[in-house]
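Trainee: Sequence and computational prediction follow.
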Amino acid sequence: MKPNYEQWAVYQIWPRSFADGNGDGIGDLHGVLQKLDYLKWLGVDAIWFSPLYPSPNADYGYDCADYKNISPEYGDLDLFKRVIDEAHARNIKIIIDLVLNHTSDQHEWFKQSKVPGSKYHDYYIWRKGKGKDGKKPPNNWLSMFEGGAWEYDETLGEHYLHVFAKGQPDLNMANPAVREEVKDIMRFWLELGVDGFREDVITYIAKREGLPNGFPLPIATGYPHYTSLPKVKDYLREFKEDVLDKYNAFTVGEAPMMTTKVAKDYITGDDKVLDVMFHFQHMEADCIMNDWVPTPFRLGKLRKVFAHWQRELHGRAFNANYMENHDHPRVVDKYGSRKYRVESAKMLAALYILQSGMPFIYQGQEIGMTNIELKRLDQFKDVVTFNNYKLARKFGLSEKFFVNYANRRSRENARTPMQWSGEPNAGWATPWFPVNENCSEINVAAAEADPNSILHWYRALLKFRRENPVAIYGKYRPLRAGRKLLAYESAHEGKRLVFVGSFSDKPKAFTPPKGGELVFCNYATQQQKLQPWECRVYVVND
């Protein structure tokens with residue numbers, strides 16, 4: 001029988017920066033073992049691991065070089081099995097990232113695909129090029145990460161497709177042999193004891209037959225020809241029926257440009273092929289599709305997106321609720337206030353955790369970690385950052401300007417080492433990436449000792465959610481409020497939960513619900529008006 005996954009609260013670990021158990025400066029599974037009691041104390045029900053696979057780290061594990069192993073930097077299979085068993089002993093489920101759209105160019109399959117006559121040649125999407133010498137790309141597609149989506153191989157005289165980085169060649173899921181490999185990979189990890197998968201860019205795994213040219217765009221030209229095609233659902237149904245259903249495995253999909261209409265096709269009805277689906281629309285309230293293309297923060301957009309997804313999925317499927325992950329800057333800097341860091345972090349936590357759906361918490365979010373202030377370009381690590389730097393230089397922007405820009409918009413802000421203590425380097429030996437200088441103030445040890453900390457607030461929210469079905473299953477209804485306020489109610493079985501949160505540095509008028517019991521407030525005392533970044537949560541028994 002499938003577990004009640006909708007009741008889970010999930011904690012995401014980006015392993016390289018979570019906890020270093022062997023002192024080499026890189027997060028690892030020894031570190032995870034040491035922190036399982038912390039996660040149990042926090043109140044999470046499942047851990048989602050970003051990729052643990054061996055990888056050349058062009059995209060830190062999202063370029064997988066071996067689907068059935070653990071990167072030596074993190075440990076080995078025996079150690080991971082111990083993590084699984086120890087987590088299960090604490091009633092914590094384990095979800096791992098499964099990257100099916102592409103592998104690393106260092107994967108043995110891809111190396112063998114370059115051998116003439118090899119069966120692995122058809123594991124990837126190789127095509128003859130255009131022009132007299134065949135060196136022009138087969139079509140005009142552009143990658144999501146860096147320039148054209150095709151890379152020419154001199155030895156074969158053919159191009160391979162990569163809709164992400166050059167080191168991430170796309171798999172040919174149309175090949176039945178590839179799908180059998182995927183099923184074998186799923187069985188391997190499920191037999192080891194994992195409870196489910198987060199399936200990366202899963203709507204990209206099918207490409208339109210003939211690989212036609214796309215409408216020219218500045219980036220990702222051709223994406224309609226590899227996004228949410230009918231074959232995607234066919235492939236996912238095959239994986240579900242042949243493997244996943246036999247293990248009662250949980251699945252969460254992830255895909256750029258996701259809409260409720262598309263999501264419902266995957267996660268609703270008797271023929272659903274995934275359990276829940278991540279989307280990015282609520283993360284675009286301060287940008288245009290991408291954190292690197294900023295706009296002024298638009299609270300109205302955030303209100304609209306939350307209301308739309310709650311309305312469209314209620315009674316049909318569950319939302320995957322999150323405010324941070326490994327692909328975005330820290331939410332305190334993105335949507336909150338550095339001046340009112342504690343208050344805004346608490347408000348944003350209550351805002352999303354108490355909505356109907358599964359809450360996902362990213363490492364460090366629970367202590368209000370912030371963006372980092374790097375001084376030099378060479379301190380950055382991410383392929384996306386460097387590709388954007390190349391683009392910035394084409395527009396004549398200086399390195400100094402770009403570094404300041406990246407400090408605000410780069411996803412590397414979410415990848416700084418977890419701040420465990422106020423000691424130098426936050427308890428890390430010689431960390432692989434700079435530790436935020438504010439670790440002396442913002443760290444787990446200090447937060448644990450302070451009953452009014454953001455950390456204790458998260459723990460209280462998760463406990464409340466676990467004990468109050470209205471916070472899991474409630475029907476969402478937006479409430480009218482002031483221009484700088486976001487308010488909603490959630491109703492379930494004769495009980496209403498009412499949330500109001502301020503996105504302002506100034507006091508804001510608000511009328512409390514009649515008969516409401518105040519169960520959460522991020523200020524010790526309440527005034528007639530909401531104080532800066534204040535939130536209140538009421539429960540009303542009808």
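Mentor: Structure received.
Trainee: Just give the closest residue to the residue nearest to the spatial centre of the chain, not the sequence neighbours.
Mentor: For the chain, residue 325 is the residue whose C-alpha lies nearest the centre (Cα atoms, centre = their mean; 4.1 Å). Excluding the flanking residues, the one nearest residue 325 by Cβ to Cβ, 6 or more residues apart in numbering is residue 362, at 5.1 Å. Using the backbone N, CA and C atoms, a C-beta is placed for each residue, glycine as well.
Trainee: cool, and residue 86?
Mentor: residue 36 (5.6 Å).
Trainee: Following element in sequence after the helix or strand where that neighbour lies, please.
Mentor: Residue 36 belongs to helix 29-42 when assigned by DSSP states H and E. Sequence order places strand 46-49 as the next helix or strand after helix 29-42, per DSSP H and E.
Trainee: Counting by contacts, list what the next helix-or-strand element following that following strand packs against.
Mentor: Past strand 46-49, heading to the C-terminal end, the next element that is a helix or strand (DSSP H and E) is helix 77-89. Applying 3 or more Cβ pairs under 8 Å, 6 or more residues apart in numbering; DSSP states H and E, we find helix 77-89 packed against helix 29-42, strand 93-98, helix 176-192.
Trainee: out of those, nearest to residue 263?
Mentor: The minimum distance between residue 263 and those falls on strand 93-98, with 18.5 Å, by Cβ to Cβ.
Trainee: picking up where we left off before, any idea of the pLDDT on the residue nearest to residue 325?
Mentor: At residue 362, the model reports a pLDDT of 98.
Trainee: what's the answer for residue 1, then?
Mentor: 63.
Trainee: same check, this time on residue 481
Mentor: 89.
Trainee: do residue 57 as well
Mentor: 93.
Trainee: how near is it to residue 189?
Mentor: Residue 57 sits 21 Å away from residue 189, going by Cβ to Cβ, to the nearest Å.
Trainee: thinking again about what came up before, helices and strands around the helix holding residue 36, which ones?
Mentor: The helices and strands touching helix 29-42, judged by 3+ Cβ pairs under 8 Å, 6+ apart, are strand 10-13, helix 77-89, helix 454-467.
Trainee: Residue 482 contacts residue 511, correct?
Mentor: No: checked against Cβ atoms under 8 Å, the pair residue 482 and residue 511 is beyond contact range at 10.4 Å.
Trainee: Name the residue in these two with the higher neighbour count.
Mentor: residue 482 (15 against 7; other Cβ atoms under 10 Å).
Trainee: Now the more buried one. Nearest residue, chain neighbours left out?
Mentor: Here the residue nearest residue 482, using Cβ to Cβ, 6+ apart, is residue 508, at 5.3 Å.
Trainee: Tell me how many other residues crowd that neighbour.
Mentor: 20.
Trainee: how much space is there between it and residue 530?
Mentor: For residue 508 relative to residue 530 (Cβ to Cβ), the value is 5 Å.
Trainee: shared neighbours, the two?
Mentor: Common neighbours of residue 508 and residue 530, counting by Cβ atoms under 8 Å, 6 or more residues apart in numbering, are 485, 502.
Trainee: Residue 57 and residue 189: which has the busier surroundings?
Mentor: Legend: neighbour count by other Cβ under 10 Å for residue 57 and residue 189, higher for residue 189 (21 against 18).
Trainee: okay but the more buried one is in contact with residue 96, surely?
Mentor: Yes: the pair residue 189 / residue 96 is scored as a contact, 6.2 Å apart, by Cβ under 8 Å.
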